[in-house]
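Asks: Below is the sequence, then the predicted model.
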Amino acid sequence: MDFKEKYQNLVEAVNLELDKLTAEVDCPQRAIYQAMRYSLMAGGKRLRPVLAMAVSEMLGGNYEEVLPFGCAIEMIHTYSLIHDDLPSMDNDDYRRGRLTCHKVFGEAKAILAGDALLNLAFEVMSDEMLKSQGNIASKAKAMSIIAKASGVSGMIGGQVIDLESEGRIIPAALLGKMHACKTGALIKAPVLASAVLNNASCSELEALESYAENIGLAFQVKDDILDVEGDSSLMGKPAGSDEANQKSTYVSIYGLDESKRMLAELIDKAVKSLCIFGQNAQFLKALAEYIMIREN
Ligand code: GRG
């Protein structure tokens with residue numbers, strides 16, 4: 001099976017599970033399901049759950065066990081997008097090819113839809129623990145990895161550095177820290193959570209940590225490049241927003257050519273990190289290459 005076909009199969013499994021987990025319930029508060037599903041089911045790349053499932057398969061597990069954790073991360077990711085688009089944050093009108101959640105449902109419901117997705121993520125993971133037979137400890141560890149990656153030492157922390165950096169040029173080290181937290185943490189989380197759920201050894205964990213850190217940073221460098229030279233119709237949101245919001249990015253600090261060189265170097269490092277897994281790492285290696293050439 002080629003890379004695209006395999007990726008698509010995993011995305012379909014994620015979409016089916018997300019659909020089940022957010023099925024609308026007939027109740028007076030049903031409007032919140034509509035707002036949650038509007039953003040969640042809008043067709044993102046599903047990179048984070050796909051990473052969790054691919055790591056599981058590489059380590060000899062099946063992906064069904066990690067799927068709820070991957071879906072929980074996708075819910076957290078979607079909540080961050082809804083809140084990031086709000087007028088008090090980036091004030092964006094388009095996301096995933098459609099109007100942003102607050103543009104359709106109003107600001108109050110968009111805030112609540114984001115909160116509800118964050119909460120649901122933890123409902124899903126704690127339910128998995130309650131269903132568990134023998135491996136409660138590894139599920140608790142996976143949930144802890146995901147909680148920390150989403151919080152003050154991860155995504156929210158990165159967003160705070162981002163907010164405080166607007167309108168000024170920040171040192172390269174702070175830019176690296178900001179992105180490791182804001183974007184990198186939620187890309188590393190599915191890789192490490194899945195490794196823990198599959199009882200990975202110390203050397204496997206170390207290799208996967210290096211892979212995840214390199215693709216996490218590469219993902220952001222590519223995002224900054226796309227914001228300058230990407231096609232808005234493919235990205236589902238307008239390009240040029242970083243410049244409009246006076247953000248420090250890899251491109252604004254290092255320039256376009258150097259950013260592209262850094263991107264290729266990060267992907268090379270990520271691919272090399274997986275050498276201990278031999279042939280079994282083929283899909284994850286191809287996934288790293290895809291991050292470099294993606295158009296959305
Ligand atoms: C508001 C709590 C809070 C956090 C915001 C992650 C984040 C912090 C904001 C998202 C905005 C953004 C453009 C982040 C940089 C890179 C990134 C995470 C892009 C979106 O991820 P993709 O490309 O999106 O995986 P899809 O739609 O494919 O899922």
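Replies: Structure's in. What do you need?
Asks: Now do the helix or strand harbouring I32: which elements does it pack against?
Replies: Using DSSP states H and E, I32 sits within helix 31-40. Contacts defined by 3 or more C-beta pairs under 8 Å, 6 or more residues apart in numbering; DSSP states H and E place helix 31-40 against helix 67-84, helix 101-105, helix 107-131. C-beta: built from backbone N, CA, C; applies to glycine.
Asks: and the helix or strand following it, average pLDDT?
Replies: Using DSSP H and E, the next helix or strand after helix 31-40 towards the C-terminus is helix 47-58. Per-residue pLDDT over helix 47-58 has a mean of 98.
Asks: Only the buried residues of stretch 160-178, if you could.
Replies: For stretch 160-178, the neighbour count (16 or more other C-beta atoms under 10 Å) marks I161, D162, S165, I170, L175, K177, M178 as buried.
Asks: CA atoms of that stretch as PDB?
Replies: Extracted in PDB, the C-alpha atoms of stretch 160-178 (Å, rounded to 0.1, in the frame of the first residue of the first chain):
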ATOM      1  CA  VAL A 160       1.400  33.000  25.900                       C
ATOM      2  CA  ILE A 161       4.900  33.600  24.600                       C
ATOM      3  CA  ASP A 162       3.400  34.200  21.200                       C
ATOM      4  CA  LEU A 163       1.000  36.800  22.500                       C
ATOM      5  CA  GLU A 164       3.700  38.600  24.300                       C
ATOM      6  CA  SER A 165       6.000  38.500  21.200                       C
ATOM      7  CA  GLU A 166       3.600  40.200  18.900                       C
ATOM      8  CA  GLY A 167       4.900  43.400  17.300                       C
ATOM      9  CA  ARG A 168       8.500  42.800  18.300                       C
ATOM     10  CA  ILE A 169      11.400  40.800  16.900                       C
ATOM     11  CA  ILE A 170      12.200  38.000  19.400                       C
ATOM     12  CA  PRO A 171      15.600  36.200  19.800                       C
ATOM     13  CA  ALA A 172      15.900  33.000  17.800                       C
ATOM     14  CA  ALA A 173      16.200  30.900  21.100                       C
ATOM     15  CA  LEU A 174      12.800  32.300  22.300                       C
ATOM     16  CA  LEU A 175      11.300  31.600  18.800                       C
ATOM     17  CA  GLY A 176      12.400  27.900  19.100                       C
ATOM     18  CA  LYS A 177      11.000  27.600  22.700                       C
ATOM     19  CA  MET A 178       7.700  29.200  21.600                       C
END
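Asks: what is the rounded mean pLDDT of that stretch?
Replies: Here the average pLDDT along stretch 160-178 is 91.
Asks: Next, the closest residue in space to D19 that isn't next to it in sequence: phi, psi?
Replies: Distances taken as C-beta to C-beta, 6 or more residues apart in numbering place M41 nearest to D19, at 6.8 Å, with adjacent residues excluded. The phi/psi pair for M41 (degrees, to the nearest 10) reads phi -100, psi 20.
Asks: thought M41 was touching E17?
Replies: No - M41 sits out of contact with E17 when judged by C-beta atoms under 8 Å, with a separation of 11.6 Å.
Asks: For D93, which of the helices and strands packed on helix 31-40 is the nearest?
Replies: For D93, the closest of the helices and strands packed on helix 31-40 is helix 101-105, at 5.8 Å, according to C-beta to C-beta.
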